[in-house]
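J.: Task: produce atomic coordinates for the following.
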Amino acid sequence: MAKYQYQVVPFIGQIKSKQSPGDVSVQLQGIINQYAAQGWEFYELNDVNIEVRPGCFASLFGARVAYIQFDQVIFRREAT
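T.: All right, here's what the predicted structure looks like:
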């Protein structure tokens, strides 16, 4: 039996032109606190690369595969 179960949540920080990286930290802290209140322990922040393939119609017009990187917040708690 697994010792932990995991919860993975996508995270994209958003700021307006007059905000700072500290504002993104507050957003991330909010997500961590939200899941901690549900019994999840923050485990790590990781990035995931996603391959986005164009559809058939877009491919006809020369669209190529694109790669996007997203942050993922990983939580864990003891398995029951």
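J.: Looks like K3 contacts R76 (just checking).
T.: No: at 9.1 Å, K3 does not count as touching R76 under the criterion of CB atoms under 8 Å. For glycine as for every other residue, the C-beta is placed from the backbone atoms N, C-alpha and C.
J.: neighbour-wise, which of these two wins?
T.: R76 (16 against 7; other CB atoms under 10 Å).
J.: partner strands of the one helix or strand the more buried one maps to, parallel or antiparallel?
T.: Element membership of R76 [criterion: DSSP states H and E] is strand 66-78. Within its sheet, strand 66-78 is paired with strand 4-11 (antiparallel), strand 41-52 (antiparallel), according to DSSP bridges.
J.: Next, the contact list for the nearest residue to M1 once chain neighbours are set aside, please.
T.: Of all residues not flanking M1 in the chain, A79 sits nearest, at 6.4 Å (CB to CB, 6 or more residues apart in numbering). Listed by CB atoms under 8 Å, 6 or more residues apart in numbering, the contact set of A79 reads M1, A2, K3, Y4, Q5.
J.: For F42, see how far away A79 is.
T.: 17 Å (CB to CB, to the nearest Å).
J.: OK, contacts around V65?
T.: E51, V52, R53, P54.
J.: Grab the two from those that are most spread out in space.
T.: The span of these, defined through CB to CB, is set by E51 and P54 at 10.9 Å.
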